[in-house]
Structure formats: structure tokens, C-alpha cells
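[1] Predicted coordinates and the sequence they were generated for:
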Amino acid sequence: MIQCGERYHWVPLAAVPGTRLCPVEALQRLMLATGDLPEEAPLFQVEGRGKRGAVVPMTHAALVAGLKRLAGQVGLDPARYAGYSLRRGEATATLRLKVDRIYIKLQGNWNSDCYERYRELDDEQRLILPAVFAEAVKELS
């Protein structure tokens with residue numbers, strides 16, 4: 001549930017069996033690790049303050065803190081990562097894969113076309129425009 005509980009946003013998972021990044025297998029491991037949760041319990045939890053062993057729903061702040069901690073552990077600058085980094089990365093990756101923009105907008109729950117501003121070009125893509133200019137200059141010479 002998002003936006004103050006006003007609506008749900010469902011994100012289907014596609015299995016990529018046998019890979020370290022399979023979201024279905026990761027979810028299954030998480031569910032095994034958390035044990036038998038009541039249906040109304042939050043799936044993503046963090047240890048709560050106060051009573052030992054108590055868990056509370058994962059907050060945006062906890063997610064961002066974990067993201068920054070992991071970035072630092074792998075040698076990246078944590079200051080360059082924030083909550084939007086995951087949505088931005090997803091939008092960038094799917095744009096590179098040439099996924100139809102309507103799917104990107106719906107899957108990412110974007111209310112505007114601002115996701116297109118997040119697109120980052122890789123080195124190969126950055127060479128396209130200079131190559132086009134070079135070809136045009138050759139034709140003019």
C-alpha cells in the first residue's frame with residue numbers, strides 16, 4: 001500500500017532460476033528466514049527499538065540507511081545514494097533495454113514522465129552522437 005494507504009501497487013516478479021539475482025528465490029529465502037508470519041505482518045521488517053526481538057515495518061529511512069551502508073561496504077560513496085536511487089536505476093536499466101516507456105511508467109508507479117530525466121548514458125551510448133556528427137562532416141567534405 002502506498003501514498004498514505006490510498007492505493008496498492010503490485011509488482012510482479014519474474015523468476016531467473018539459478019542466478020544470484022533471482023527475485024523469486026530471494027523472496028523465498030526471506031520468507032523462510034522470517035518464519036511463519038501472520039498474513040497481516042509486514043514482509044519487510046527491521047528490528048524495533050525498545051523490546052528485544054520486536055520487529056516493525058521497514059521504513060523509508062531504514063531502507064536508505066541500509067542502502068548507504070551496503071554502498072560503503074563495496075567501496076562506493078554512500079553520499080551518492082538515496083531512496084530514489086533504486087527507482088532511478090530501474091528506470092535507467094529498462095530504458096537501456098528499450099522497454100516501451102508506458103511499461104516503465106506503470107511498473108515504476110510514475111505519475112509523470114520525470115523518470116526520463118533519470119536516464120544515464122553508458123559509454124557506448126555517449127559515442128552515438130559524435131559518430132553521427134563525424135559521419136555528417138565526412139559527407140560535407
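    Happy to help now that I have it. Residues are numbered from 1 along each chain as shown.

[2] Pull the number of nearby residues for residue 139.
    7 (other CB atoms under 10 Å). Yep, even glycine has a C-beta here, placed from its N, CA and C like the rest.

[3] again with residue 80
    9.

[4] What does the pLDDT read for it?
    Predicted confidence (pLDDT) for residue 80: 91.

[5] got the contact list for it?
    For residue 80, the contacting residues are residue 71, by CB atoms under 8 Å, 6 or more residues apart in numbering.

[6] Please enumerate the helices of this protein.
    23-34, 60-73, 84-96, 101-107, 123-126, 128-140 (DSSP state H).

[7] Put together TSV for those, with mean pLDDT and distance to residue 116 on each row.
    As requested, these are exported to TSV (pLDDT from 0 to 100; distance: least, CB to CB, whole Å):
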stretch	mean pLDDT	distance to residue 116
helix 23-34	88	25
helix 60-73	91	23
helix 84-96	81	8
helix 101-107	83	7
helix 123-126	77	14
helix 128-140	81	17
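
[8] What confidence value was assigned to residue 3?
    pLDDT at residue 3 comes out at 54.

[9] now the residue at minimal distance from the centre of the chain: how far from residue 18?
    With distances taken as CA atoms, centre = their mean, residue 86 lies nearest the centre of the chain, 3.0 Å away. As defined by CB to CB, to the nearest Å, residue 86 lies at a distance of 24 Å from residue 18.

[10] if we can go back for a sec, excluding residues flanking it in the chain, which one is nearest the residue nearest to the centre of the chain?
    residue 67 (7.4 Å; CB to CB, 6 or more residues apart in numbering).

[11] wait, what's in contact with that neighbour?
    Residue 67 neighbours (CB under 8 Å, 6+ apart): 81-83, 85-86.

[12] do the same with residue 27
    residue 13.

[13] same thing with residue 107?
    11, 90, 94.

[14] export those residues to a markdown table and tack on neighbour count and distance to residue 102?
    Formatted as a markdown table, the contacts of residue 107 follow (neighbours: other CB atoms under 10 Å; distance: CB to CB, whole Å):
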| residue | neighbour count | distance to residue 102 |
| --- | --- | --- |
| 11 | 9 | 16 |
| 90 | 16 | 15 |
| 94 | 18 | 11 |
